[in-house]
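Colleague: Whatever this is, show me its structure:
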Amino acid sequence: MTQARFQLTDAQKTQANEELFALLRIPSVSADPQHAGDMSRAAEFLRAKLAGLGFDARVDSTEGHPIVYAERLKAPGKPTVLIYGHYDVQPEAPLEEWVSPPFEPTVREGRIYARGATDDKGQAYAHVLGAELLLESGELPVNVKFLLEGEEEVGSQHLEPYLRQKAQALKCDAIVISDGSRFAPDVPTVTYGLRGLSYIEVHVQGANRDLHSGSYGGAAPNPINALCEIIAQLKDDKGRVTIPGFYDGIEALTQDERDMWAQLPHSDAEFASSIGATGLKGEEGYTTLEQLWARPTLDVNGIWGGYQGEGSKTVIPAKAGAKISMRLVPGQDPERITKLAMDHLPTLAPVGAQVTVVAMHGGQPVKIDLDNPYVRAAGAALKTVYGKEAAFTRGGGSIPIVAAFREILQAPVVLVDFGLNEDAPHSPNESFALADFHSGILTSAELLREMAQIDVQ
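Modeller: Next up, the predicted model:
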C-alpha cells in the first residue's frame, strides 16, 4: 500500500468544516431570481478564499449568474490542471420534508445535511482545500486553474459561450470534475464515461374541447388513451426501444469492460431493495450495471391529461401530454436521436389523435480513454488515500458540459467523485459524509501531486 503523504489534523478538519458550513449557509439557488444576491455572495465567498491562497482570482459576469475564475501558474514545465465545479444549488422544496433547515448545515451521525452539501459545494470546495493543503507544505506541484460556475443546476446556458470566448486563457492539459457519486462507500471510483441525453415532450390533441364522457364516450378520440397506446409501442417485450435507427452506430461494450464490471460488488437484490422495488426490469441480454452505464434508455418522466382533482369529473379531455427522456451512449448523437423520435412518434398515433413532439434539450455522451495518463493519475491518487485499487466505472447520468469542455479546450476530462448516491442530491435532506469531504481534500492534493509526474514537454 502506498503511504499517503498528506493527513488532516483535527484542527484542519474543524476549520474545513466551518468554511464549508459558511458556504452552505448561502442559499445560492440559481433557478430562483429572488436569490440573485445570494448567487453573487457565494461567488464572492469563493473568490475571496482563492485570492487568500495566492490565486489570481476574479468574478466574471455573464448574461446569467457569475463565474468564478482563479489561476496560480507557478510550476513551469508542469501540467496545467483546470478544476471545474459549481456553487449553485437546487431549490429546497419540498421544505416540509427536511428534518433540519436546508440552509443551516447540521451534522447527524457523521453527515452534513444541507442543500448543496454534496452537489456540488462540498465536492468543489474539497478541491479548493486540497490546493490549500499543498500550499501549506510548499507550492502547488502543477499549474492550477479553478472555474466555478453558478448555472449548472439550470443547464449551464452561459458556460459554453464563456468557454469559447476564453478558450485561450483556459487552455490546460487536463480538466478535473467532482460532481457525482462513487460506486459504493468502500469503493474509490474513477468515472470514465457518461450517458448523453435527448429530452422531448409529446402533446396529443383530440377534440377541440373537453367532452362529456357519456355523450361522446365510445366514439370520440381520447388523447390519454392515445398517449398510452403510443408510449406502449416505444419498447418491445425485450426492453429494446423501437424507434427505427435508435441503435445504429452504438459503440459495443468490450469484453474487458464486461469482465471488469462483473467483479464489482453488486447485488441485484440489494439494488432493488435500496429503491424499494420488488424487482428489476431492463433490456434483456445485459446485466444491471451494463444497463445502467452502457445501454441507452427511454423513460417517461411525467404524464398529464384530464381531471386531477378530488372526486370525479366524467370528461374525455381534449389534451394529454408526456415528458420523455432518452439516455444515450457513445455512438448516439442527441440531435439525430431527437429527430428520429420526432419523426416516429406521430406515426404511432391512432385515428383522431394529433401528435406534436417538442424537442427540449440534450447532451452528448462521453467516454474517456482509460489509458490516458491523467486518468491513471486519478487511480493512483485514490489508491494512496483509500489503500485499495480504484474501480473504473461509467455513470448513468449526463453532464452535458463535459463534452463541451473536451471539444472546446481539447483536453481530457477526469471524473473523480467524492459523493454517494445515498447523499440524496436534488432531494430533501441532501447530505455529505464528513469522512468523504475530508477524503476528498486528501484525494485532490494527491491527484495534483500525481499529475505533476506527467511529462508535458
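Colleague: List the buried residues in the helix or strand of the chain with the lowest mean pLDDT.
Modeller: Sorting the helices and strands of the chain by mean pLDDT, DSSP states H and E puts helix 400-409 at the bottom, at a mean of 92. Residues Pro400, Ile401, Val402, Ala403, Ala404, Phe405, Arg406, Ile408, Leu409 are the ones in helix 400-409 that count as buried (16 or more other Cβ atoms under 10 Å). For the C-beta atoms, the positions are set from N, CA and C on the backbone; glycine is no exception.
Colleague: How about stretch 351-363?
Modeller: Within stretch 351-363, the residues that qualify as buried are Ala353, Val355, Val357, Gly362, Gly363, counting by 16+ other Cβ under 10 Å.
Colleague: Quickly find the element holding the residue lying closest to Ser439 once chain neighbours are set aside.
Modeller: Nearest non-adjacent residue to Ser439, counting by Cβ to Cβ, 6 or more residues apart in numbering: Val385, 5.8 Å away. Per DSSP states H and E: Val385 is located in helix 373-386.
Colleague: For whichever helix or strand comes after that helix, name the packing helices and strands.
Modeller: Sequence-wise, the next helix or strand downstream of helix 373-386 (DSSP H and E) is strand 391-395. Applying 3 or more Cβ pairs under 8 Å, 6 or more residues apart in numbering; DSSP states H and E, one finds that strand 391-395 makes contact with strand 189-194, helix 288-293.
Colleague: Can you show me the CA trace of the last one as CSV?
Modeller: Think helix 288-293. Output of helix 288-293 as CSV, limited to C-alpha atoms (Å, rounded to 0.1, in the frame of the first residue of the first chain):
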residue,chain,number,x,y,z
THR,A,288,-27.9,-4.3,-14.4
LEU,A,289,-24.6,-2.4,-14.4
GLU,A,290,-24.4,-2.7,-18.2
GLN,A,291,-28.0,-1.4,-18.5
LEU,A,292,-27.2,1.5,-16.2
TRP,A,293,-23.9,2.6,-17.7
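Colleague: Out of the helices and strands packed on strand 391-395, flag the one nearest Gly282.
Modeller: Gly282 sits nearest to helix 288-293 of all the helices and strands packed on strand 391-395, at 3.9 Å, using Cβ to Cβ.
Colleague: What lies in contact with that closest one?
Modeller: Residues outside helix 288-293 that contact it (Cβ atoms under 8 Å, 6 or more residues apart in numbering): 193, 195, 253, 258, 261, 264, 266, 268, 271, 280, 282-283, 297, 393-396.
Colleague: same thing but at 7 Å, please
Modeller: By Cβ atoms under 7 Å, 6 or more residues apart in numbering, the list of residues contacting helix 288-293 from outside reads 193, 253, 258, 261, 264, 266, 268, 271, 280, 282-283, 393-396.
Colleague: and the least confident helix or strand of the chain, how far from the chain's centre?
Modeller: The chain centroid and the centroid of helix 400-409 are separated by 14 Å under Cα atoms, centre = their mean, to the nearest Å.
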